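[1] Have a look; sequence and predicted model below, questions after that.
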Amino acid sequence: MPILKNAKKALRSSKRKNEVNSRVKSQLKTALDTAKKSASTETISTAYSKIDRAVKSGVIHRNAAARLKSQVGKKKAA
């Protein structure tokens, strides 16, 4: 456990960020799974939105987001 005051604060903020990031990742994975299973316009649009939000908050890299969007878009084309 942290002893110093700044270490305690860093631990608190780290826990908060971890909680938010894990929530975003979970929503992203769910949206991607539904978009890949049933490639309707609505599910793909939702997946794109979740991908963009994950990039904006720094959960995934923008190149990873481009790759995921490409994969989902291929499901729509097929």
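    Right, received. Where do you want to start?
[2] Could you point out the helix or strand that follows the helix or strand encompassing Asp52?
    Applying DSSP states H and E as the criterion places Asp52 in helix 41-56. The element immediately downstream of helix 41-56 (helix or strand, assigned by DSSP H and E) is helix 62-77.
[3] Next, the angle helix 41-56 makes with that next one.
    Going by axes from the mean of the first three to the mean of the last three Cα atoms, to 10 degrees, helix 62-77 is angled at 180 degrees with respect to helix 41-56.
[4] could you give the mean pLDDT of helix 62-77?
    The pLDDT scores in helix 62-77 average 92.
[5] quick one on the thing from earlier: who does the helix holding Asp52 touch, helix- and strand-wise?
    helix 5-37, helix 62-77 (3 or more Cβ pairs under 8 Å, 6 or more residues apart in numbering; DSSP states H and E). Every C-beta, even on glycine, is put in place using the N, C-alpha and C of the backbone.
[6] Let me see the contact set for Thr41.
    When the contact criterion is Cβ atoms under 8 Å, 6 or more residues apart in numbering, the partners of Thr41 are Lys76.
[7] please begin residue numbering at 220 from this point
    Sure, I'll start numbering at 220, so the last one becomes Thr260.
[8] What pLDDT is listed against it?
    Thr260 is assigned 91 on the pLDDT scale.
[9] Distance from the chain centre to stretch 257-277, please.
    Chain-centre distance of stretch 257-277: 9 Å, with Cα atoms, centre = their mean, to the nearest Å.
[10] before we move on, back to that, of the helices and strands packed on helix 260-275, which approaches Ala273 most closely?
    Closest to Ala273 of the helices and strands packed on helix 260-275 is helix 224-256 (Cβ to Cβ; 5.0 Å).
[11] Perfect, I'm done here.
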